[in-house]
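Peer 1: okay, here's the prediction I keep looking at, along with the sequence it came from:
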Amino acid sequence: MSFKLGFLSHAFGDDPQQVYRDLIEQFEVAEALGFDGGWIAQHHLSNGFGRLPSPLVLLAAVAERTRHIELGTGVIVLPFEDPIRLAEDASVLDALSGGRVQLGLGSGGANLDNFSAFGRDAVQRQVDFSEHQQQVQQLLDGEALMPHSALTLQPPATGLSSRLWHSHGSLEGAAYTASQGNGLLLGTATHDPLTVQKPLADAYLNAWTRIDRPPRIGVVRAIFPAADRASAQAELAVDIERHIPRLQREGLIDQAVDLQEHLRLMNVHHGHPDEVIASLQQDPSLLPYADYVIAVVQAESSTQAQILKRLEIIARDIAPALGWRGRE
């Protein structure tokens, strides 16, 4: 099956100015390589791990330096947002970019420590998500702000409501995404493709009833090509070590095992391009489902040169072997 090809950045780095310059360059290079889209993760109150709390602002700068590549958020933590202001900002970006925004939204399950800072109740995050999402979607659809009101979203965001995505970790959430007619984003990290993600994809597709548009599934995968497997592991070793405490907290390991097992638990496809292709082909929730394959190619200590080289190898060698046809 054919699919769109994108990349996702978590905006790692100590110097925000350099981080943002590098991100813009990544979008420019990816566009030249034929990537369909670039996606940016949102991180609040983060020191170094993720340097971008305001992805739409950065994507506005990207929009002025590019012409074709889609501009995605993977994802905005919706319970923290005012839905009217978010819809306004997204519509301005969509107008600036010529209709290139892919608006990914999440409930903040990976950001539980930040809820108190925003005056939000983490227990109510799913309720807040659905309420805010429905209001954002109504505004993007051109509906009035409230009953018996003439106030509508300005500028209008024609078509953007068909480019909304949800990230959910439950079967109920996947089915809810389908009920709203939106795309489903399946993340990476420690979400097992067979026992966690495949059921989510199936629940989403089984719940889809829209006849005016097809379902859309975006699958995020850590893809780290190199000259060989040993080289890829050497590049990743320091960063994988940083995640051992998280693997322990999530109950996936009792104690540190070895690098290869940690890479397996974190779903990192790595090695020579042929090895990466074979690994991705065996992923049970990727090629059978993905309308959008979104590659993570940056670890915390990755250099800009390494990131750009990985993007090149994916576009030149890996994605075409999986069925990607590139931008027509």
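Peer 2: The structure has been received and is ready for your questions.

Peer 1: in this structure, mark out all the helices, start to finish.
Peer 2: For the chain, the helices defined by DSSP state H cover 16-33, 55-65, 83-97, 125-140, 171-179, 198-207, 229-242, 244-249, 259-265, 273-281, 304-313, 319-322.

Peer 1: tally of neighbours for the nearest residue to Arg210 once chain neighbours are set aside?
Peer 2: Take Arg210 and drop its neighbours on the chain: the residue closest to it by Cβ to Cβ, 6 or more residues apart in numbering is Gly181, 4.9 Å away. The C-beta positions use only the backbone N, C-alpha and C, and glycine is treated the same way. Counted by other Cβ atoms under 10 Å, the residues lying close to Gly181 total 17.

Peer 1: and for the one 3 residues further on?
Peer 2: Per other Cβ under 10 Å, the neighbour tally for Leu184 reads 28.

Peer 1: can you name the residues bridging to it?
Peer 2: Judged by DSSP bridges, the bridge partners of Leu184 are His166, Ile217.

Peer 1: thought it was touching Ser170?
Peer 2: No: taking contacts as Cβ atoms under 8 Å, Leu184 lies outside contact range of Ser170: 11.7 Å.

Peer 1: what touches both of these two?
Peer 2: Leu200 (Cβ atoms under 8 Å, 6 or more residues apart in numbering).

Peer 1: local confidence estimate at Ile190?
Peer 2: Slight slip there: residue 190 is Thr, not Ile. You'll see Thr190 listed with a pLDDT of 53.

Peer 1: er, Gly108 actually
Peer 2: For Gly108, pLDDT reads 88.

Peer 1: make residue 1 into 367 and carry on from there
Peer 2: In the new numbering, first residue 367, that becomes Gly474.

Peer 1: how far away is it from Met632?
Peer 2: Using Cβ to Cβ, to the nearest Å, Gly474 is found at 21 Å from Met632.

Peer 1: likewise Ile442?
Peer 2: From Ile442 to Met632 the distance is 24 Å (Cβ to Cβ).
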